[in-house]
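K.L.:
Could you look at this predicted model? Sequence included:
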Amino acid sequence: MKFLRFAVAIAILVAPLTAQKRLRAPDVKYVPSPQSVVDAMLELAHVTAADIVYDLGSGDGRIPIRAAQRYGARAVGVELEPRLVAEASDNAKRAGVAGRVWFVNQDLFETDFSDATVVTLFLMPRLNQQLIPKLKALRPGARVVSHMWDMGPDWPPEQTQDVSGLMIYLWTIR
């Protein structure tokens, strides 16, 4: 039943893709996370096949695709740029995980990701801090992993990891 609700929710979220509309200007320039950082983020979050991973600002889809490939997780990439949503969807098809990974053309601040068990981010500090209320509202046990930026002094990470000079940060919702 949970998967049926998940599938229906995804179908509703994917509907805007057909319009390929420009929602608003992106807050950050797209810079992909290196594969070593992607792998470390998913490992730090202890992703499993039972997880629902949301990547906020998913770009070419490398984090959701890797979560599905390596761990069997279901994953959703949220991206403002229609071109990147299309590219990520194509990448998921080529990787053979299109049935476990979905990409939505949405504003991450307007996206309901309350069913997430893992949220990944590579955003600017200001955006991370704006997301804190939504992240803290996730179910207990959900994990949040950020590449490069923490959440500021009011929400210190429980764990950090240096990946060839690039920092990743982990929080677990209590």
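P.N.:
Received the coordinates, thanks. Values in this document were obtained by computation on a predicted structure and should not be read as measured data.

K.L.:
If I look at residue 21, what pLDDT would I see?
P.N.:
The score at residue 21 is 49. That number is its pLDDT.

K.L.:
And residue 29, by the same measure?
P.N.:
Note on residue 29: pLDDT of 81.

K.L.:
what sits opposite the residue most central in space within the chain in the beta ladder?
P.N.:
Nearest to the geometric centre of the chain sits residue 55, at 0.8 Å (CA atoms, centre = their mean). Note on residue 55: beta-bridge partners by DSSP bridges are residue 77, residue 120.

K.L.:
which residues does it contact?
P.N.:
Residue 55 makes contacts with 61, 63-64, 75-78, 119-121, as judged by CB atoms under 8 Å, 6 or more residues apart in numbering. (Glycine included, C-beta is placed from N, CA and C.)

K.L.:
quick one: which of those residues has the most company?
P.N.:
Within those, most neighbours by other CB atoms under 10 Å means residue 63, with 33 neighbours.

K.L.:
okay, the strand or helix carrying it in PDB with CA atoms only?
P.N.:
Secondary structure from DSSP states H and E places residue 63 in helix 62-71. Provided in PDB are the C-alpha atoms of helix 62-71 (Å, rounded to 0.1, in the frame of the first residue of the first chain):
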ATOM      1  CA  ARG A  62      23.700  11.100 -10.600                       C
ATOM      2  CA  ILE A  63      22.700  10.800  -6.900                       C
ATOM      3  CA  PRO A  64      19.300   9.300  -7.400                       C
ATOM      4  CA  ILE A  65      20.600   7.000 -10.100                       C
ATOM      5  CA  ARG A  66      23.500   5.800  -7.900                       C
ATOM      6  CA  ALA A  67      21.100   5.200  -5.000                       C
ATOM      7  CA  ALA A  68      19.000   2.900  -7.200                       C
ATOM      8  CA  GLN A  69      21.900   1.200  -8.900                       C
ATOM      9  CA  ARG A  70      24.100   0.500  -5.900                       C
ATOM     10  CA  TYR A  71      21.500   0.100  -3.100                       C
END
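
K.L.:
helices or strands next to that helix in the packing?
P.N.:
helix 35-44, strand 52-56, strand 74-79, helix 82-95, strand 101-105 (3 or more CB pairs under 8 Å, 6 or more residues apart in numbering; DSSP states H and E).
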